[in-house]
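*Asks:* pasting the sequence and the predicted coordinates here, then a few questions.
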Amino acid sequence: MESLTQKIALKLTKANFVQEKLTITNKYYHKDNLVQIKSPTNTTITTTLTTTHHTRNTRVFPPICVSKISAGTGAGEESELKTTRIRIRDPVSSTDMAASHDVKDARIAGISSAIRVIPDFPKPGIMFQDITTLLLDTKAFKDTIDLFVERYKDKNISVVAGIEARGFIFGPPIALAIGAKFVPMRKPKKLPGEVISEEYSLEYGTDKMEMHVGAVEAGERALVVDDLIATGGTLNAAIRLLERVEVEVVECACVIELPELKGRERLGDKPLFVLVN
Ligand SMILES: O=P(O)(O)OC[C@H]1O[C@H](OP(=O)(O)OP(=O)(O)O)[C@H](O)[C@@H]1O
Ligand SMILES: Nc1ncnc2[nH]cnc12
C-alpha cells in the first residue's frame, strides 16, 4: 500500500506543479504536517489533494488541502532549486468544522484551496490568510455562503453581526438568505450614531469595536460572522458587545480558524463553526 507521503507526492506531481511547469524532485517528506518539496521557482502553490487518512478508530478519506507557507533556498541543495515548505490543512481535525459533518463535502476543499497565504504580511512572521482570492472564485465564494446558510437557516436567528472589515463580506449574504438583519460591528469613530464599544487585543496590535445603540433588541438571537479567528480577541469583543445589550449569541461563524492561536478558548462556552483551518 502507498504511504501517505507517497500518495501526497504522487498527487503533487499530478497537480498544479505540472501545469506550472515546475520540476519536482523525489526529495519530499511528510513530517509534523509539513510536506517539503523542491521546485525551481517560488511560484505560489495551492492545490487540493485527496488521500487516505487514519483517525484513531477509523480510516476515512478526507480532502487534504495544501498551500505554500514559506519558501527559501535550502542550504546544501542544488543551487538552481529552492525548498518550498507547504502545510497540509486537514479539515476533519475539529468537531466544529463543516467538513466533520460530511467528510465527503467537496466544497470545503475548494474553499480551502481558494484562500491564498501571504507570508510576512502585514508584519514578519504573520502568515496572512488572504480571502480576496476566495472572492474571485465564484464557486468557492458561493459554496462558502451556502454552507453557512444551510447551517443557520432554521435556527431562528434575527441578527447577523458582521465584524469590520471582512465580516462585512460574508455577513450580509448570509443575513439576506436566512431572513435576518445585518448589524455592522465597526472600528472606532466610523458609526455616526450613538455607540457602545469594547476594546480588544489582536495577533498584531490592539483595537476597539463599536456597535450602534438601538441596532439590536434585548432577547434577539445573533450569529457573529467574520472571515477568520486567530487569537479570538475580536470575536470575544463582539460577543461582549452583544451580551451587554442582552442579545443571545447563538454561535460564531468564520471561514478560517488558526487553531495554533487557540482563539476558541477565548470564546468561553460560545460555539464556533469554521470551514477550514
Ligand atoms: O482572532 P483575532 O486575533 O482577534 O483576529 C481576527 C481578526 O483579525 C482580522 O481583522 P483585522 O483586525 O486585521 O482587521 P481588518 O479586517 O479591518 O483588516 C480578521 O479579519 C479578524 O477580524
Ligand atoms: N494570519 C492572519 N491572516 C489574516 N487575518 C488575520 N487576522 C489575524 N491574523 C490573521
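*Replies:* Nice, thanks for sending it over. Ligands and ions are numbered 1, 2, ... in the order given.

*Asks:* okay, the longest helix along the chain in CSV with CA atoms only?
*Replies:* The helix that spans the most residues within the chain, counting by DSSP state H, is helix 138-152. The C-alpha coordinates for helix 138-152 follow below in CSV (Å, rounded to 0.1, in the frame of the first residue of the first chain):
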residue,chain,number,x,y,z
THR,A,138,-17.4,32.4,-7.9
LYS,A,139,-18.0,28.7,-7.0
ALA,A,140,-15.8,28.8,-3.8
PHE,A,141,-17.4,32.1,-2.7
LYS,A,142,-20.9,30.8,-3.3
ASP,A,143,-20.1,27.5,-1.6
THR,A,144,-18.9,29.4,1.4
ILE,A,145,-22.1,31.3,1.8
ASP,A,146,-24.2,28.3,1.1
LEU,A,147,-22.5,26.2,3.8
PHE,A,148,-23.3,28.9,6.4
VAL,A,149,-26.8,29.4,5.1
GLU,A,150,-27.5,25.7,5.3
ARG,A,151,-26.4,25.6,8.9
TYR,A,152,-28.2,28.7,10.1
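
*Asks:* what are the buried residues along that helix?
*Replies:* The neighbour-count criterion (16 or more other CB atoms under 10 Å) identifies Ala140, Phe141, Asp143, Thr144, Ile145, Leu147, Phe148, Arg151, Tyr152 as the buried residues of helix 138-152. C-betas here are computed from N, CA, C, even on glycine.

*Asks:* name the nearest residue to the fifth one, ignoring sequence neighbours.
*Replies:* It refers to Ile145. Spatial nearest neighbour of Ile145, excluding adjacent residues (CB to CB, 6 or more residues apart in numbering): Pro173 at 4.8 Å.

*Asks:* these two touch, right, Val149 and Pro172?
*Replies:* No: Val149 sits out of contact with Pro172 when judged by CB atoms under 8 Å, with a separation of 12.0 Å.

*Asks:* just the closest of the buried residues of helix 138-152 to ligand 2, please.
*Replies:* Ranked by distance to ligand 2 (CB to the nearest ligand atom), the buried residues of helix 138-152 are led by Thr144 at 15.5 Å.

*Asks:* give me the pLDDT value at the residue lying closest to that closest one once chain neighbours are set aside.
*Replies:* What sits nearest to Thr144 in space, not counting adjacent residues and going by CB to CB, 6+ apart, is Ile111, at 5.4 Å. Looking at Ile111, its pLDDT reads 97.

*Asks:* am I right that Ile111 sits in a helix?
*Replies:* Yes: assigned with DSSP: H, G, I helix; E, B strand; the rest coil, Ile111 falls within a helix.

*Asks:* and it, what does it touch?
*Replies:* Leu134, Ala140, Asp143, Thr144, Leu147, Val255, Leu275, Val276 (CB atoms under 8 Å, 6 or more residues apart in numbering).

*Asks:* just flag the most distant two among those.
*Replies:* The span of the contacts of Ile111, defined through CB to CB, is set by Leu134 and Leu147 at 12.4 Å.

*Asks:* average pLDDT across stretch 148-164?
*Replies:* On average, stretch 148-164 scores 98.

*Asks:* wait, I meant stretch 239-254
*Replies:* Mean pLDDT, computed over stretch 239-254, is 98.

*Asks:* how long is it end to end?
*Replies:* 14 Å (CA to CA, to the nearest Å).

*Asks:* any part of that stretch near ligand 2?
*Replies:* No: Stretch 239-254 does not reach ligand 2 (CB under 6 Å from any ligand atom); its nearest approach is 10.4 Å.

*Asks:* pull out the buried positions in that stretch.
*Replies:* Within stretch 239-254, the residues scored as buried using 16+ other CB under 10 Å are Ile239, Leu241, Leu242, Val245, Val247, Val249, Val250, Glu251, Cys252, Ala253, Cys254.
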